[in-house]
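Q: Fold the following, please.
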Amino acid sequence: MDSNKPGPKPTSNVFGFIDEIGLLNTPKSDQLFGLGMLKLEHPSFLHREIITYKNKFDYHTEFKFTDISPHNLIHYKNLLNIYFSLTNTYLSCLLIDKRKLDIKTYFKNDYQKAYNSFLAKMVASSLDTSEYIVLLADDICTPKTDTFESEIKAKVKKRTRRSALFGICRLDSSAVSEIQMVDVLLGIIAYAFKIKHGLIKPKRTNPKFKLLKHLQKHINTDFLAESNEFKLRYGRTVTIEEYKGKLTKNADSAVSNSANNGRPTPSVRKQSIAKRA
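A: Numbering: from 1, shown residues only. Take a look at the predicted model:
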């Protein structure tokens, strides 16, 4: 037997932290809905760095994009600096203009089914073939029905052709640094889309606009409000998908033009604190 013959890729267990912005079941005048997921193999690195920072500066307030102000902007900039000092991180964001989403036709007005389909597609598309994931979601943003966990598991299994999702846990985001990180990153990207759609007018003095510019510097781009995959140094990936409203007859495949389009992604290897590129 050839000992040098490559064998199957070792499996790895990863964590997916989920948050959202807006709601699917509100009027289309509430135009934007977004889902975000941060995939980490060793979330303790990010958590430890955030807690160390909070203790150092005696800043113990929950990080939330909606709470950004001129007085705390420096802390949010430093939060981004912490995130981009880590290696091998993966952020996936899906932004939906609800005016282009026909829930009635393709999901029979079942908003939970639509939500589950989008979330399952995002999760499945973020996984390498060797990865198995557990999801941790903000309790206030996930559907509170008995079938939520089983439906997501089934949809992810169907897409990955394996039991890639082995658990879902709903938590209070105020106690989970990683979910707060998703809230801020998704909020910034959604803010860019709101500018694009004319929902808000950008002001250079606005702290949220300043934070948007800070994120753009980290990603090295002048524009975030479009579908793109940014592969940065040291294994950092930021994937943004803009839902285009192109649906198929099959409701379960109605999200085929969103959430990373099924592109394979590099596996998340061991994270470590590294000097920012």
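Q: For the stretch 51-200 of the chain, which segments are assigned as helices?
A: 73-83, 103-107, 111-126, 148-160, 177-196 (DSSP state H, counting those that start in this stretch).
Q: Would you mind measuring from L127 to L186?
A: Distance of L127 to L186, given as C-beta to C-beta, to the nearest Å: 19 Å. The C-beta positions use only the backbone N, C-alpha and C, and glycine is treated the same way.
Q: Test my guess that S12 contacts S130.
A: Yes - the pair S12 / S130 is scored as a contact, 5.9 Å apart, by C-beta atoms under 8 Å.
Q: burial count for P70?
A: 10 (other C-beta atoms under 10 Å).
Q: Could you count how many residues lie near the closest residue to it other than its chain neighbours?
A: Closest residue to P70 apart from its sequence neighbours, by C-beta to C-beta, 6 or more residues apart in numbering: P207 at 5.2 Å. Other residues lying near P207 total 17 when counted by other C-beta under 10 Å.
Q: ok now do P207, which residues does it touch?
A: Counting by C-beta atoms under 8 Å, 6 or more residues apart in numbering, P207 makes contact with 68-70, 73, 76.
Q: Which of the residues you listed sits closest to D58?
A: Y76 (16.1 Å; C-beta to C-beta).
Q: Let me know the pLDDT of the closest one.
A: Here, the pLDDT recorded for Y76 equals 98.
Q: in the chain, which spans are strands?
A: Per DSSP state E, the chain carries strands over the ranges 12-21, 32-40, 90-97, 131-138, 165-171, 228-231, 237-242.
Q: Now that we have those, can you turn them into JSON lines and tack on distance to V123?
A: Output for these, formatted as JSON lines (distance: least, C-beta to C-beta, whole Å):
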{"stretch": "strand 12-21", "distance to V123": "6"}
{"stretch": "strand 32-40", "distance to V123": "7"}
{"stretch": "strand 90-97", "distance to V123": "9"}
{"stretch": "strand 131-138", "distance to V123": "7"}
{"stretch": "strand 165-171", "distance to V123": "6"}
{"stretch": "strand 228-231", "distance to V123": "17"}
{"stretch": "strand 237-242", "distance to V123": "13"}
